[in-house]
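Participant: Everything below, folded, please.
(one chain, ligands or ions: 1)
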Amino acid sequence: MVHSSSAIGGETSFRCIECGISPATATFRCAACGGLLELAYHERKIDPDSLKAVWRERRASNLAIDQSGVWRFRELLPPLADGDVITLREGNTPVYELPQCARRAGVEHLYAKHQGMNPTGSFKDTGMTVAASSARSREFQWVGCASTGNTSASMAAYAARGAMRSLVLIPEGKVAWGKLSQALDYGALTCQLKTDFDGCLRVLNEVVQRMPVYLLNSVNPFRIEGQKTAAIELLEQFDWHVPDHVIVPGGNLGNSSALGKAFLEMKELGFVSRLPKISIIQAAGANALVRTMRETGGTRLISVQAETAASAIRIGNPASWKKAVRVLQQTGGTVEQVSEVEIALAKAEIGADGIGCEPASAVTLAGLKKLVQQGFVKAKENIVLILTGHLLKDPEFTLKFHRGELFSETEVLAARRAPIALDATADAVIRTLKEHQNQS
Ligand code: F0G
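Facilitator: Now for the predicted structure:
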């Protein structure tokens, strides 16, 4: 493998989304007004056509930073010495067509960009490679996050690869086993706190102000920059045709903010001439953004006491809500909420298309069905669901659903596929096979 040590990426500085002033605190808030920060690029001289060709050529390269589906787009990322890049060859995630799900939602074509196909099984890796690399370039020995599970798994992996220690704060009893086991295996110092995600984030904010621990939650603008690349890669996979709708789950609202920033930048830089509508779907039990939009028009956050079996998005006080509101307004997207049964059913339907995802990702299909019924999404439009996490992240939910331990509502019965206990004979198996031959 070839190494070089040149600087990559474009010159950037922090900018407060509220007041425009930039000095950052350890919690990545504006030192003047406490607002969220974003990275602003200085004078990017970019020729879209030649960059499209360069990005495509890099797919045949053996350089680690070219093989990464994030750093392949480094001209649109913050600067770093390439020796500082920590990469697990993240990104490069597939777009799948979902024919059965399309029929159920009442649309002609439906696509899923499966971010669960990242190295640690969630979209977090695309942001983590940039933010963890930034921590290493700043010579931090410790990185930390509060998490509903996926951020911790991703951070722990990238910290380990970058020879840093990692501190994970998770809500006790509310993190799926797949995710917790990853954090432990990758060597994180994992603390289960008797609180929810929002409480963990509050504690972590205090810890990073008192100790030299680099905050890796999605308020860290470097996370957002990396997560932008999913949108760039998606456009490339669509041969630079812009989909009409991109539908994304909403938790702490970093991902919707990142995808929105990416599409806006791509339009501003001349890669595309229009924007997709970005719509954000939440679990009805964790619907802070939905209530914020409906009850205040996006002017004031309505926090909620979050409760949902889609534990990844069990968040009541989303940190990046203002960025997400901006994305909804700039792209003309909308918000919707879905019930626990609707989430479980949608998850089984995505599974039945041979793809699968974790519960939080399935809110996208459940939400799409509602948006089609409302006429916000039309049957002939191009729609992309962002699937954020892998099916195997939360096998307990899947097993309980199929065994009938979660819901008894009639609409889920047909989607259930419980294991069948049989005598160990070919006769028993063949009898069962025949019984099922005429079922779909
Ligand atoms: N889907 C999955 C699978 C997630 O893990 C998350 C967030 C989201 C959607 C929501 O994304 O927060 O950017 O709006 N998980 C975080 C975590 C909070 O700690 O892993 P968001």
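Participant: and A348, what does it touch?
Facilitator: Contacts for A348 (Cβ atoms under 8 Å, 6 or more residues apart in numbering) come out as F401, H402, V412, A415, R416, R417. Where you see a C-beta, it was placed from the backbone N, CA and C, and this is true even at glycine.
Participant: Around the ligand, which positions in the stretch 301-440 of the chain sit nearby?
Facilitator: Within the stretch 301-440 of the chain, the positions adjacent to the ligand are A312, I313, E358, A360, S361, T388, G389 by Cβ under 6 Å from any ligand atom.
Participant: And the strands in the stretch 1-150 of the chain?
Facilitator: Assigned strands in the stretch 1-150 of the chain, in chain order: 7-8, 12-16, 37-41, 80-81, 95-97, 110-114, 142-146 (criterion: DSSP state E, counting those that start in this stretch).
Participant: Would you check how far apart P48 and the ligand are?
Facilitator: 27 Å (Cβ to the nearest ligand atom, to the nearest Å).
Participant: In its sheet, which strands sit next to the helix or strand harbouring I386, and in what direction?
Facilitator: I386 belongs to strand 383-387 when elements are defined using DSSP states H and E. According to DSSP bridges, strand 383-387 forms sheet pairs with strand 110-114 (parallel), strand 245-249 (parallel).
Participant: Of the ones you listed, give the one that comes closest to the ligand.
Facilitator: strand 245-249 (4.1 Å; Cβ to the nearest ligand atom).
Participant: Any figure for the gap between L167 and the ligand?
Facilitator: 14 Å.
Participant: want to throw the strands paired with strand 383-387 into CSV with mean pLDDT?
Facilitator: Formatted as CSV, these follow (pLDDT from 0 to 100):
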stretch, mean pLDDT
strand 110-114, 98
strand 245-249, 98
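Participant: In the protein, where is pLDDT below threshold?
Facilitator: By pLDDT under 70, the low-scoring segments of the chain are 1-10, 440.
Participant: go with 80
Facilitator: In the predicted model of the chain, residues 1-10, 21-23, 82, 438-440 satisfy pLDDT under 80.
Participant: Specify the residue positioned farthest from the middle of it.
Facilitator: In the chain, the residue that sits farthest from the middle, by Cα atoms, centre = their mean, is D427; the gap is 46.5 Å.
Participant: still on that earlier bit, of the residues of the stretch 301-440 of the chain next to the ligand, select the buried ones using a ChimeraX command.
Facilitator: To isolate the buried ones among those in ChimeraX, judged by 16 or more other Cβ atoms under 10 Å, type:
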select :312,313,358,360,361,388,389
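Participant: Out of the residues of the stretch 301-440 of the chain next to the ligand, name the ones that lie in helices.
Facilitator: Within these, residues falling in helices by DSSP state H are A360, S361.
Participant: Within range of the ligand, give me the residues from the stretch 101-250 of the chain.
Facilitator: By Cβ under 6 Å from any ligand atom, the residues of the stretch 101-250 of the chain that approach the ligand are S122, K124, S147, T148, G149, N150, T151, S218, P249, G250.
Participant: Next, count neighbours for the last one.
Facilitator: Right, G250. By other Cβ atoms under 10 Å, 31 other residues sit near G250.
Participant: cool, and the third one?
Facilitator: S147 sits with 31 neighbouring residues when counted by other Cβ under 10 Å.
Participant: what's the answer for the first one, then?
Facilitator: Using other Cβ under 10 Å, S122 has 28 neighbouring residues.
Participant: List the residues that contact the nearest residue to it once chain neighbours are set aside.
Facilitator: Among residues not flanking S122 along the chain, N150 sits closest, at 3.9 Å (Cβ to Cβ, 6 or more residues apart in numbering). Shown in contact with N150 (Cβ under 8 Å, 6+ apart): T120, G121, S122, F123, K124, K179, A312, T388, G389, K393.
Participant: Apply 6 Å and report the result again.
Facilitator: By Cβ atoms under 6 Å, 6 or more residues apart in numbering, N150 lies in contact with S122, K124, K179, A312, G389.
Participant: same thing with K179?
Facilitator: Contacts of K179 were listed using Cβ under 6 Å, 6+ apart, and they are G149, N150, A153, K393.
Participant: Does the third one lie in a helix or a strand, and which?
Facilitator: The reference is to A153. Under the criterion DSSP H and E, the helix or strand holding A153 is helix 150-161.
Participant: next SSE after the host helix or strand of C200?
Facilitator: Element membership of C200, judged by DSSP H and E, is helix 197-210. Later in the chain than helix 197-210, the nearest helix or strand by DSSP H and E is strand 213-215.
Participant: Filter the contacts of A348 down to the buried ones, PyMOL style.
Facilitator: The following PyMOL line selects those of the contacts of A348 that are buried, judged by 16+ other Cβ under 10 Å:
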select buried, resi 401+402+412+415
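Participant: Report the two of the contacts of A348 separated the most.
Facilitator: Across those, the longest distance by Cβ to Cβ is 11.2 Å; it joins V412 and R417.
Participant: thought C357 was touching G351?
Facilitator: No. Applying Cβ atoms under 6 Å as the test, C357 and G351 come out as separate, 7.8 Å apart.
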